[in-house]
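*Asks:* Let me see the structure of the following:
(2 chains)
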Amino acid sequence: GAVVSQHPSWVICKSGTSVKIECRSLDFQATTMFWYRQFPKQSLMLMATSNEGSKATYEQGVEKDKFLINHASLTLSTLTVTSAHPEDSSFYICSARTMAHSNQPQHFGDGTRLSIL
Amino acid sequence: TQLLEQSPQFLSIQEGENLTVYCNSSSVFSSLQWYRQEPGEGPVLLVTVVTGGEVKKLKRLTFQFGDARKDSSLHITAAQPGDTGLYLCAGLRSEKLVFGKGTKLTVNP
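*Replies:* Just a heads-up that it's a prediction; the model follows:
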């Protein structure tokens, strides 16, 4: 089946640091990738949608200058949390879809636990 | 305001019991998906329902999509400890998945 790999799985860093999270589709080409954030005991909240080769579309309330998304190839999208602060600590999950049509299933990565001290 | 309401939020039962988890909304979805998520991992897709009134079975799990495509249910028969986990429903609306808060199920041996 379709596999999505996220790296790293766990990050602990100091406040003010920028952190990059990678999301790779290992055995398929992902025209669309999604980034979600999940706080403890909360559901997954969509942060942004990225299509290969174009700018990401951010959800309302998500700062695009703080959460930089790059989808440079059909197998890789990156999320960079710039100048991270403790309130950015969360579980970040990416998903990838094979085709642009929304009826195609999303395949989720295993998430990245980000802890900002 | 939560677009998709899941109930119950927490459920602790004994092995062998049956249970039903509900996912309700006032909005119509083009499809609805059920996921299971383990701690520290991403959600894993269990099923997608598309047609109003559709029923799908996956071994001891039965999924139903409401006639109006606004709600769904997940029924587990003879629950086992291996069924323990967080069950999430997600509706597809405007090409985006909207997730419920989840139902944390614990099946005690």
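
*Asks:* Around A:S83, how many other residues sit close by?
*Replies:* A:S83 has 12 neighbours, counted by other CB atoms under 10 Å in any protein chain shown. C-beta coordinates here come from the backbone N, C-alpha and C atoms, glycine included.

*Asks:* What residues does it make contact with?
*Replies:* A:G16, A:T17, A:S18, A:K66 (CB atoms under 8 Å, 6 or more residues apart in numbering or on different chains).

*Asks:* from those, which single one is nearest B:V47?
*Replies:* Nearest to B:V47, judged by CB to CB, of these is A:K66 at 35.6 Å.

*Asks:* Quick check: beta-bridge partners of B:R36?
*Replies:* As for beta bridges, B:R36 partners with B:V44, B:Y87 under DSSP bridges.

*Asks:* circling back: looking at the contacts of A:S83, which is nearest chain B?
*Replies:* Comparing the contacts of A:S83 against chain B with CB to the nearest CB places A:K66 closest, at 20.7 Å.

*Asks:* for the one residue sitting closest to the centre of chain A, what are its contacts?
*Replies:* Nearest to the geometric centre of chain A sits A:W35, at 3.4 Å (CA atoms, centre = their mean). A:W35 makes contacts with A:C23, A:L46, A:M47, A:A48, A:S50, A:F67, A:I69, A:S77, A:L79, A:Y92, A:I93, A:C94, as judged by CB under 8 Å, 6+ apart.

*Asks:* wait, B:Q37 sits on B:T84?
*Replies:* No. Counting by CB atoms under 8 Å, B:Q37 does not reach B:T84; the two are 11.6 Å apart.

*Asks:* When those two are compared, which one has more neighbours?
*Replies:* B:Q37 (22 against 16).

*Asks:* Check that one and give its pLDDT.
*Replies:* What the model reports for B:Q37 is a pLDDT of 93.

*Asks:* Let me see the contact set for it.
*Replies:* B:P43, B:V44, B:G85, B:L86, B:Y87, B:L88, B:G102 are the contacts of B:Q37 under CB under 8 Å, 6+ apart.

*Asks:* that older thread, export the contacts of A:W35 as TSV, with columns for pLDDT and secondary structure.
*Replies:* Listed next are the contacts of A:W35 as TSV, based on pLDDT from 0 to 100; DSSP: H, G, I helix; E, B strand; the rest coil:
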residue	pLDDT	secondary structure
A:C23	96	strand
A:L46	95	strand
A:M47	96	strand
A:A48	95	strand
A:S50	91	strand
A:F67	97	strand
A:I69	95	strand
A:S77	94	strand
A:L79	97	strand
A:Y92	97	strand
A:I93	97	strand
A:C94	96	strand
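
*Asks:* Which members of those are classed as buried?
*Replies:* Neighbour counting with 16 or more other CB atoms under 10 Å in any protein chain shown marks A:C23, A:L46, A:M47, A:A48, A:S50, A:F67, A:I69, A:S77, A:L79, A:Y92, A:I93, A:C94 as buried within those.

*Asks:* Identify all residues paired with B:L58 through a beta bridge.
*Replies:* Beta-bridge pairing for B:L58 (DSSP bridges): B:L61.

*Asks:* Tell me which helix or strand comes right after the lowest-mean-pLDDT helix or strand in chain B.
*Replies:* Here the helix or strand of chain B ranked lowest by mean pLDDT, DSSP states H and E is strand B:96-99, holding a mean of 90. Helices and strands here follow DSSP states H and E; after strand B:96-99, the next one along the chain is strand B:103-108.
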